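**Student:** The amino acid sequence is not available; the structure is as follows:
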């Protein structure tokens, strides 16, 4: 797992489609935001998808024993500009940190911290998502 | 907008978290974790067949509270943890309190302690948010 520190994701682009913003905003119980603003909740999946991976690939990278063996520690979302629909964003990022915690019953928890930046077409960073997930490896 | 340290952020409530919305979110997120959409799996892992709301959506409720308070483009930062899950059928309430106000580049920012509570009092989200206050705040 420690070898993953510094691992860089492929990088790529993402455009938040209006239908996607509509559905995801509605799923939070909110009204659609004005002026093409995207709901900030997009800072969860847009960086992951835009950097050229997916949640499944993050699980595989960490050798998650199962899809249900992953829990979230924290999210740190920074917005330097609001996200908007229909703009082409560029992503860059990777694995920043790893911590392994052994438990008395033999369970091992690998905690990985990821950091992905969202850049506008002009090149400025508009948002940054830093998040840490726990991968639980239960004793047999 | 007049805001001072100690002010409460107006609460935001969702009366019922629904599994239909979780399925929509799982599809958009391409999230393979069955706890969000498979009731049989939920039964097997001891959740009595209730599916688990996605943590970013729980955070989204907190965001809704903040945007309703200071405006749709006001969010600057959120750092949160998720001490308890939200399940389908839960009623959730987002709340917050202003801990500090400071200026940065001519903008007035409010740092708030924020949370999301379930109807049984369990805290599902807790952390810190920073929002830009509207002019005059």
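**Tutor:** All right, it came through fine. Note that the structure is a prediction, hence the values are computed from the model and not measured.
**Student:** Going by neighbour count, list what's buried in stretch B:102-112.
**Tutor:** B:108, B:109, B:110, B:111, B:112 (16 or more other CB atoms under 10 Å in any protein chain shown). In this view, the C-beta of every residue, glycine as well, is placed from N, C-alpha and C.
**Student:** should've said stretch A:14-34
**Tutor:** Across stretch A:14-34, burial judged by 16+ other CB under 10 Å covers A:14, A:16, A:20, A:21, A:24, A:25, A:27, A:28, A:29, A:30, A:33.
**Student:** first to last residue in it, what's the distance?
**Tutor:** 21 Å (CA to CA, to the nearest Å).
**Student:** The buried residues of stretch A:14-34 also near chain B: which ones?
**Tutor:** A:20, A:24, A:27, A:28, A:29, A:30, A:33 (CB under 8 Å from any CB of the partner chain).
**Student:** what residues does the worst-scoring helix or strand of chain A on mean pLDDT touch?
**Tutor:** Lowest mean confidence among the helices and strands of chain A (mean pLDDT, DSSP states H and E): helix A:55-61, at a mean of 86. The contact list for helix A:55-61 (CB atoms under 8 Å, 6 or more residues apart in numbering or on different chains) reads A:4, A:7, A:45, A:48, A:53, A:67, A:70, A:95, A:114, A:133, B:29-33.
**Student:** Now intersect those residues with the strands, please.
**Tutor:** Taking DSSP state E, the ones among the contacts of helix A:55-61 that sit in strands are A:70, A:95, A:114, A:133.
**Student:** What about these, which one has the most neighbours?
**Tutor:** residue A:114 (23 neighbours; other CB atoms under 10 Å in any protein chain shown).
**Student:** Mind jotting down where the helices sit in chain B?
**Tutor:** B:19-29, B:39-44, B:55-70 (DSSP state H).
**Student:** hey, which of the ones you listed is tucked in deepest?
**Tutor:** Mean neighbours per residue, mean count of other CB atoms under 10 Å in any protein chain shown, is largest over those for helix B:55-70, with a mean of 24.
**Student:** Tell me who's in contact with the residue lying closest to residue A:136 once chain neighbours are set aside.
**Tutor:** With CB to CB, 6 or more residues apart in numbering or on different chains as the criterion, residue A:136 has its nearest non-adjacent residue at 4.8 Å, and that residue is residue A:69. Neighbouring residues of residue A:69 by CB under 8 Å, 6+ apart: A:135, A:136, A:137, A:138.
**Student:** Can you report how many residues lie near residue A:102?
**Tutor:** For residue A:102, the neighbour count with other CB under 10 Å is 11.
**Student:** Tell me the pLDDT of it.
**Tutor:** We have a pLDDT of 93 for residue A:102.
**Student:** surely it meets residue A:110?
**Tutor:** No - applying CB atoms under 8 Å, one finds residue A:102 not in contact with residue A:110, separated by 10.3 Å.
**Student:** Tell me, how many residues neighbour the closest residue in space to residue B:85 that isn't next to it in sequence?
**Tutor:** Spatial nearest neighbour of residue B:85, excluding adjacent residues (CB to CB, 6+ apart): residue B:52 at 4.9 Å. Residue B:52 has 22 neighbours, counted by other CB under 10 Å.
**Student:** Near chain A, which residues of chain B are found?
**Tutor:** B:14, B:21-22, B:24-25, B:28-35, B:41, B:45, B:55-57, B:59-61, B:63-64, B:67, B:72-73, B:75-82, B:127.
**Student:** 7 Å instead?
**Tutor:** Proximity of chain B to chain A (CB under 7 Å from any CB of the partner chain) is limited to residues B:14, B:21, B:24-25, B:28-35, B:45, B:55-57, B:59-61, B:63-64, B:72-73, B:75-82.
**Student:** Give me the subset of the buried residues of stretch A:14-34 that lies in strands.
**Tutor:** Going by DSSP E, the strands hold residue A:14 from the buried residues of stretch A:14-34.
**Student:** okay, the buried residues of stretch A:14-34 in JSON lines with distance to residue B:8 and pLDDT next?
**Tutor:** Formatted as JSON lines, the buried residues of stretch A:14-34 follow (distance: CB to CB, whole Å; pLDDT from 0 to 100):
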{"residue": "A:14", "distance to residue B:8": "36", "pLDDT": "97"}
{"residue": "A:16", "distance to residue B:8": "32", "pLDDT": "97"}
{"residue": "A:20", "distance to residue B:8": "33", "pLDDT": "96"}
{"residue": "A:21", "distance to residue B:8": "29", "pLDDT": "97"}
{"residue": "A:24", "distance to residue B:8": "28", "pLDDT": "97"}
{"residue": "A:25", "distance to residue B:8": "25", "pLDDT": "97"}
{"residue": "A:27", "distance to residue B:8": "26", "pLDDT": "96"}
{"residue": "A:28", "distance to residue B:8": "21", "pLDDT": "97"}
{"residue": "A:29", "distance to residue B:8": "20", "pLDDT": "96"}
{"residue": "A:30", "distance to residue B:8": "20", "pLDDT": "96"}
{"residue": "A:33", "distance to residue B:8": "23", "pLDDT": "97"}
